[in-house]
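> can you look at this prediction? I've put the sequence above it.
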Amino acid sequence: MEIAVLVDSKGETSGFEKDGIIRVYSKEEDGWIIKKYMEYNTKNIINAAILKERINEICSWLVNCKILVVSRIRGVHYIAFEENLVSMLEIKGKPDDFLEDLKQCKQHHRTGKEIPLEHNAIYESKPGYFYTDLREVMNGITSYNSKQILLPFLKNQEFSCIDIICSHIPKWLEKEQTELKLMLTVENYKECIKVKIYPVKNR
């Protein structure tokens, strides 16, 4: 049995937003040994495409190891690893303290659970009327961008109006407006703006 763990310089679990080392532990007669390891560097990961490419490389390097432990799971990483059939577990501490427990834990088997989202995105205030605050998203604080959150909603959800609190109108939204048959109005809201989106009749 093999379990991969992303650790920091102190040997404790870390997350993919920091530099670290990925260790692959193997269960042997004498206990858990480090079978191999690789450095993980965030320096050149400047966008989602490069991050996904890097994760694909990691998964190829992991080969048959399908369990990865980190200190914090972010949605963008979870999705990319799931596509490579690698399950992520969120555990804080040192590998020696939890590896043996994981061997017996059914949690490491892949399940059909929903992907954990960091941004609970869109809320319904009353039937047909929705709202969302995208200021943190547009400032890069979460791992999702405004298009990933809004576009599936605008394409698939029946709605009368959605209020979007944001710093500016997303450029992609202006481009999609005609194709999606949407009408936009903008008003000042505190130190930012509120964009109201309505579906055009006969959409």
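On my side now, so go ahead. Source: prediction; values computed, not measured. Numbering: from 1, shown residues only.
> break this protein down into its structural domains.
2-108, 123-199 (automatic domain parsing).
> who touches stretch 158-167?
122, 128-135, 138-139, 146, 150, 153-154, 189, 192-199 (CB atoms under 8 Å, 6 or more residues apart in numbering). Where you see a C-beta, it was placed from the backbone N, CA and C, and this is true even at glycine.
> what comes up buried for it?
The neighbour-count check on stretch 158-167 (16 or more other CB atoms under 10 Å) flags F159, I162, D163, I164, I165, C166 as buried.
> so how far is it off the chain centroid?
When distances are taken as CA atoms, centre = their mean, to the nearest Å, stretch 158-167 is centred 23 Å away from the chain's centroid.
> what about that stretch, start to end distance?
End-to-end distance for stretch 158-167: 25 Å, by CA to CA, to the nearest Å.
> also stretch 159-173?
Taking CA to CA, the span from the opening residue of stretch 159-173 to its closing residue is 17 Å.
> ok, stretch 24-38 next?
With CA to CA applied, stretch 24-38 spans 9 Å between its terminal residues.
> residue nearest the centroid of the chain?
Within the chain, one residue has its C-alpha closest to the average C-alpha position: by CA atoms, centre = their mean, that is G75, at 1.6 Å.
> state the mean pLDDT of stretch 78-85.
Throughout stretch 78-85, pLDDT has a mean value of 82.
> right, and I45 touches R54 too?
Yes - under the criterion of CB atoms under 8 Å, I45 lies in contact with R54, with a separation of 6.0 Å.
> ok so, going back, among the contacts of stretch 158-167, which ones are in strands?
129-133, 189, 192-199 (DSSP state E).
> ok, so of these, who is nearest I21?
Distances from I21 to those, taken as CB to CB, are shortest for D133 (36.9 Å).
> show residues contacting the longest helix seen in the chain.
Under DSSP state H, the helix in the chain containing the largest number of residues is helix 48-62. For helix 48-62, the surrounding residues in contact (CB under 8 Å, 6+ apart) are 4, 22, 24, 38, 40, 44-45, 68, 76-77, 80-81, 84, 86, 145.
> now that helix, how far from the chain's geometric center?
For helix 48-62, the gap between its own C-alpha mean and the chain's C-alpha mean amounts to 14 Å (CA atoms, centre = their mean).
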